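J.: Okay, here's the prediction I keep looking at, along with the sequence it came from:
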Amino acid sequence: MARMPEKIIDFHVHLFPDKLFDAIWKSFLKHYHWNIIHQYYYQECIERLRQAGVGVMVYSNYAHRAGIAEGLNAWNIKILQEYDDLYCFAAYHPDDEHALDMARRLLENPRILGFKLQLLVQNFYPFDERLFPLYELVIRKNKHLLFHTGTGPVGNQYVGLEPFMKVLEKFPELPATVAHLGAHEYAGFFGLLERYPGLYLDTAFCFLPPPYEGYNLGAGYLEKYKSRILYGSDYPNLITPWEAEIENLLQMNLSQEFYDKVFHDNGMALIRSLT
Ligand SMILES: [Zn+2]
């Protein structure tokens with residue numbers, strides 16, 4: 001049986017100021033009937049993940065509307081100073097005045113790896129022209145993007161393989177991670193890895209225990225693309241216990257190399273290349 005690396009790197013954690021967390025948990029309940037089981041604020045999230053064996057954490061937050069990214073990012077800078085081994089995908093909204101100036105300033109911070117775009121919630125297309133200057137900046141500065149651009153848990157016109165492919169046609173070198181292995185269009189998003197060398201996929205929410213459905217294409221893709229997959233938990237916004245996805249992945253009996261790379265080495269190499 002394979003082992004986990006001694007310290008896990010979690011590439012998909014969420015940390016928000018307390019009041020925003022409260023609002024997000026309420027909205028999950030209202031929109032998805034999801035009862036978030038770990039309703040912990042940021043200090044407790046970090047402590048609990050550390051106790052569970054997570055070393056480096058990469059967290060994100062996002063601006064669900066214009067006007068809040070700047071405040072969120074001030075908070076990000078503050079908590080990055082409070083903790084070691086913490087990295088961030090910062091918030092961005094293209095309608096904010098001076099959005100790009102803010103982005104430029106933030107990328108000077110080595111612990112800010114880039115930006116999170118949550119297209120399902122932010123309600124714009126990934127190929128929206130207003131984002132092009134941001135993409136150009138991220139590419140020029142050798143930083144990275146984290147996209148929620150899949151159709152899980154629900155879709156809208158802004159998410160899915162097709163709109164995302166339009167961005168890659170224009171920016172084939174886009175350095176980005178697609179959250180949730182691109183759920184629900186797994187095969188399509190795995191297929192992109194062949195053509196676009198800057199892309200990674202993360203595992204968050206794909207290996208939940210029944211009755212939830214998740215990744216269903218078996219071991220083949222996981223082994224083939226193990227150098228391009230990053231473990232992510234989505235902690236604390238979980239609907240099943242934190243360890244369930246790790247146990248499910250272990251039970252798939254993949255190669256030891258898979259667990260070493262996905263739970264540690266790929267994340268470490270990517271962070272080193274960005275900082
Ligand atoms: Zn997430």
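T.: Ah, there it is.

J.: OK, contacts around residue 199?
T.: 168, 174, 176, 177, 178, 192, 193, 228 (CB atoms under 8 Å, 6 or more residues apart in numbering). Backbone N, C-alpha and C define where each C-beta goes, glycine included.

J.: Residue 205 contacts residue 182, correct?
T.: No - in this structure residue 205 lies outside contact range of residue 182 using CB atoms under 8 Å: 11.5 Å.

J.: which one of the two has more residues nearby?
T.: Taking other CB atoms under 10 Å, residue 205 and residue 182 do not tie; residue 182 has more neighbours (29 against 25).

J.: what about the nearest residue to the more buried one once chain neighbours are set aside, helix or strand, and which?
T.: The shortest distance from residue 182 to any non-neighbouring residue, by CB to CB, 6 or more residues apart in numbering, is to residue 189 (2.7 Å). Per DSSP states H and E: residue 189 is located in helix 186-195.

J.: if we can go back for a sec, switch the contacts of residue 199 over to a markdown table; also include pLDDT.
T.: Compiled in a markdown table, these are given as follows (pLDDT from 0 to 100):
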| residue | pLDDT |
| --- | --- |
| 168 | 98 |
| 174 | 98 |
| 176 | 98 |
| 177 | 98 |
| 178 | 98 |
| 192 | 98 |
| 193 | 98 |
| 228 | 98 |
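
J.: wait, which of those residues is closest to residue 210?
T.: residue 178 (24.7 Å; CB to CB).

J.: Quick check, the closest one in contact with residue 147.
T.: Yes - using CB under 8 Å, residue 178 is in contact with residue 147, at 5.4 Å.

J.: Between the two, which contacts overlap?
T.: Common neighbours of residue 178 and residue 147 (CB under 8 Å, 6+ apart) are residue 164.

J.: Show me the helices in this protein, by range?
T.: Using DSSP state H, the helices of the chain run over residues 18-32, 42-51, 69-82, 99-106, 119-122, 132-140, 161-170, 186-195, 219-224, 242-251, 256-260, 266-274.

J.: Show me which residues of the shortest one are buried.
T.: For helix 119-122, the neighbour count (16 or more other CB atoms under 10 Å) marks 119, 120, 121, 122 as buried.

J.: Now do it, average pLDDT.
T.: Mean pLDDT, helix 119-122: 96.

J.: Which residues outside it are in contact with it?
T.: 62-64, 93, 125-126, 147-149, 154-156, 158-159, 163.

J.: Quick one, which of those residues are buried?
T.: So, by 16+ other CB under 10 Å, the buried ones in the contacts of helix 119-122 are 62, 63, 64, 93, 125, 126, 147, 148, 149, 158, 159, 163.

J.: how close does the last one get to residue 156?
T.: Separation of residue 163 from residue 156 (CB to CB, to the nearest Å) stands at 10 Å.
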